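Q: got a predicted structure here, sequence first:
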Amino acid sequence: MRHVIIIGAGPAGYTAAIYLARAGLSPLMFEGDQPGGQLTTTTDVENFPGFPEGVTGPDLMEAMRKQALRFGTEIVSARVDSVDFLERPFTVKSGDRTEKCSTVIIATGATAKRLGLESERRLYGRGVSACATCDGFFFRGKDVAVVGGGDTAMEEAVFLTRFANSVTVIHRRDALRASKAMEAKAKANPKIRFRWNATVDEVLGVETGKVTGIRLKDTKTGELSEMKLDGVFAAIGHEPNTALFRGQLTLDHQGYVVTHQHTETSVTGVFACGDVQDARYRQAVTAAGTGCMAALDAQRYLAEQGS
Ligand code: NDP
């Protein structure tokens with residue numbers, strides 16, 4: 001019987017592990033098959049405090065992992081297949097391993113939706129990005145596109161105008177999904193233009209190793225056209241990694257774990273932190289912050305239970 005199991009190994013999970021291990025609670029962490037999470041797909045991270053020269057996403061995650069191990073976190077390199085939060089102690093299953101525990105911290109994160117093109121995959125981190133806050137800085141004076149018509153796309157487009165020479169919003173319909181306020185802000189920005197009724201058919205530049213443009217497909221006529229660009233930001237939404245928790249915890253209409261009273265979920269003793277419960281900020285530093293909160297909340301809960 002474990003005090004606490006952490007599911008997920010990004011900045012939220014590692015931070016929770018560091019706090020719990022230092023508190024002597026010997027956490028067990030299931031790190032899944034992409035330890036480090038979304039940060040392992042980014043290159044330079046320049047906005048995580050404490051790294052004046054920047055740090056790469058994989059290096060930052062490796063450092064957090066080492067720190068979690070140093071204080072006695074037990075890390076299992078496997079995915080969790082199922083959980084049972086309906087009965088206590090809670091059950092967490094992975095392969096033929098079954099663990100029982102008093103508390104669980106969910107830190108399974110979210111996944112940025114991709115366009116689904118092979119060229120997008122090959123040029124990811126080489127001009128293709130899913131995070132303007134992370135990578136916008138590298139596009140000073142360049143021409144970029146943002147794909148999507150929601151609030152994230154508008155926010156990213158406006159943010160990118162701080163650096164980019166021009167930002168073209170590419171949307172598959174002729175009306176935005178974004179709120180009126182965000183739409184007005186984007187439309188009022190002289191650096192932003194819109195390409196309506198279009199999807200990205202291909203990201204160009206695979207042979208040169210960096211983005212040189214995109215091929216667009218008109219969704220009404222099927223006509224193909226090309227646009228020269230230095231960067232493409234996909235802003236077509238995120239999906240929280242919560243399939244495992246359906247029927248066990250309250251999820252919101254987008255599938256995010258609902259937390260209240262800080263990091264508590266609908267099941268007392270189960271806590272959630274990081275992007276799996278945050279559609280709004282989605283930053284490494286906010287994920288780490290909520291990871292700390294979840295660890296302290298779990299610690300308090302265990303103390304109340306007399307563990
Ligand atoms: P949304 O799901 O709201 O929007 C996704 C956009 O991407 C839609 O315009 C959609 O088109 C388009 N899209 C989806 N799949 C594809 C595809 N395969 N190819 C091309 N386009 C595609 O996601 P967001 O991330 O924008 O927002 C998520 C939530 O977070 C929303 O509730 C939003 O309001 C909120 N949010 C709030 C902010 C704020 O208040 N400051 C900032 C950012 C987000 P279509 O419209 O045709 O479906």
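A: In hand now; what should we look at?
Q: list the contacts for Leu216?
A: By C-beta atoms under 8 Å, 6 or more residues apart in numbering, Leu216 lies in contact with 170, 195, 198-201, 224-227. (Each C-beta comes from the backbone N, C-alpha and C, glycine too.)
Q: narrow those to those in strands?
A: The subset of those located in strands under the criterion DSSP state E comprises 170, 195, 198-201, 224-227.
Q: and which of the contacts of Leu216 is nearest the ligand?
A: The ligand has its nearest neighbour among the contacts of Leu216 in Thr199, at 5.4 Å by C-beta to the nearest ligand atom.
Q: the closest one against Thr219, yeah?
A: Yes: counting by C-beta atoms under 8 Å, Thr199 touches Thr219, with 6.0 Å between them.
Q: tell me, what's touching those two both at once?
A: Common neighbours of Thr199 and Thr219 (criterion: C-beta under 8 Å, 6+ apart): Arg172.
Q: buried among the ones in strands among the contacts of Leu216? Make that a ChimeraX selection.
A: What follows is the ChimeraX syntax for the buried subset of these, where burial is set by 16 or more other C-beta atoms under 10 Å:
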select :170,195,198,200,201,227
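Q: can you put the ones in strands among the contacts of Leu216 in TSV and add distance to the ligand?
A: TSV is the format used below for the ones in strands among the contacts of Leu216 (distance: C-beta to the nearest ligand atom, whole Å):
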residue	distance to the ligand
Ile170	8
Arg195	12
Ala198	9
Thr199	5
Val200	7
Asp201	11
Leu224	16
Ser225	16
Glu226	18
Met227	15
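Q: thought Ile214 was touching Gly205?
A: No: contact status for Ile214 versus Gly205: not in contact, 9.1 Å apart, counting by C-beta under 8 Å.
Q: the more surrounded of these two?
A: More neighbours surround Ile214 than the other of Ile214 and Gly205, with 29 against 21 (other C-beta atoms under 10 Å).
Q: so for whichever strand or helix holds the more buried one, mean pLDDT?
A: Assignment of secondary structure by DSSP states H and E places Ile214 within strand 213-218. The pLDDT scores in strand 213-218 average 98.
Q: got the angle for that strand vs strand 224-228?
A: With axes from the mean of the first three to the mean of the last three C-alpha atoms, to 10 degrees defining the directions, strand 213-218 sits at 150 degrees from strand 224-228.
Q: how far off centre is strand 213-218?
A: The chain centre lies 26 Å from the centre of strand 213-218; the measure is C-alpha atoms, centre = their mean, to the nearest Å.
Q: so it, near the ligand or not?
A: No: contact between strand 213-218 and the ligand is absent, the nearest approach being 10.7 Å (criterion: C-beta under 6 Å from any ligand atom).
Q: mind listing what that strand pairs with, with the direction of each?
A: According to DSSP bridges, strand 213-218 has the following sheet partners: strand 198-204 (antiparallel), strand 224-228 (antiparallel).
Q: could these go into CSV alongside mean pLDDT?
A: As requested, those are arranged in CSV below (pLDDT from 0 to 100):
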stretch, mean pLDDT
strand 198-204, 98
strand 224-228, 98
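Q: any chance of JSON lines for those, columns distance to Thr91?
A: Written out in JSON lines, the entries for those read as follows (distance: least, C-beta to C-beta, whole Å):
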{"stretch": "strand 198-204", "distance to Thr91": "43"}
{"stretch": "strand 224-228", "distance to Thr91": "52"}
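Q: sorry, back to before: just the CA coordinates of the strand holding Ile214, formatted as PDB?
A: The C-alpha trace of strand 213-218 is given here as PDB (Å, rounded to 0.1, in the frame of the first residue of the first chain):
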ATOM      1  CA  GLY A 213       6.100  28.000 -46.900                       C
ATOM      2  CA  ILE A 214       2.900  26.200 -47.000                       C
ATOM      3  CA  ARG A 215       0.600  24.800 -49.700                       C
ATOM      4  CA  LEU A 216      -3.000  25.800 -49.000                       C
ATOM      5  CA  LYS A 217      -6.200  24.100 -50.100                       C
ATOM      6  CA  ASP A 218      -9.300  26.100 -50.600                       C
END
